[in-house]
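> Test case, fold it:
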Amino acid sequence: MVDFTGGCLCGVIRYKVSGDIIRTANCHCDDCRKATGSAFATNVFVAADDITVTHGTLKSYNHIADSGNAMTKEFCGDCGSQIFGFGAARPGVKNVKAGSIDDASFVKPEVNLFLAHAIPFTKIDREIDCFDGMPK
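As a prediction, this is how the structure comes out:
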């Protein structure tokens, strides 16, 4: 069980998570790279019911991911920081963007996903499970 807090760049959005981490993954898919503006996204998956937004109102964007799944990104409408994501393939589960966590020192990725899409300069941790796409 973990308890952590986080928020967006401008501070309008604040949240608290209290529950178990389901999985932590580095995702190199095109969607995660574009949504975060980075080489990859580190996503901490938790039960959606374990998340409480304590301040502000999230905006959302719906799209079809590289995997073919319907996805929703939740972000701050003021500064644009992406906070959460979720998809039709895993109902009841949300991913928390590790960059939005106040103290992310506990975050330890367990898997690298979509390495076929990784930017060549990205250093890949090969000591964890690695997949060219999304494992079945």
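> partner residues bridging residue 17?
Per DSSP bridges, residues listed as beta-bridge partners of residue 17: residue 4, residue 51.
> what's the neighbour count on it?
21 (other CB atoms under 10 Å). Where you see a C-beta, it was placed from the backbone N, CA and C, and this is true even at glycine.
> how about it, what does it touch?
Contact analysis of residue 17 by CB atoms under 8 Å, 6 or more residues apart in numbering lists 2, 3, 4, 5, 6, 46, 50, 51, 52, 96.
> List only buried entries from those.
Among these, the ones that count as buried by 16 or more other CB atoms under 10 Å are 4, 6, 46, 50, 51, 96.
> And the fourth one, how far from residue 15?
Pointing back at residue 50 there. From residue 50 across to residue 15, the span is 10 Å (CB to CB, to the nearest Å).
> okay, the contacts of residue 17 in JSON lines with distance to residue 88 next?
Converted to JSON lines, the contacts of residue 17 look like this (distance: CB to CB, whole Å):
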{"residue": "2", "distance to residue 88": "26"}
{"residue": "3", "distance to residue 88": "28"}
{"residue": "4", "distance to residue 88": "26"}
{"residue": "5", "distance to residue 88": "28"}
{"residue": "6", "distance to residue 88": "24"}
{"residue": "46", "distance to residue 88": "17"}
{"residue": "50", "distance to residue 88": "20"}
{"residue": "51", "distance to residue 88": "18"}
{"residue": "52", "distance to residue 88": "23"}
{"residue": "96", "distance to residue 88": "18"}
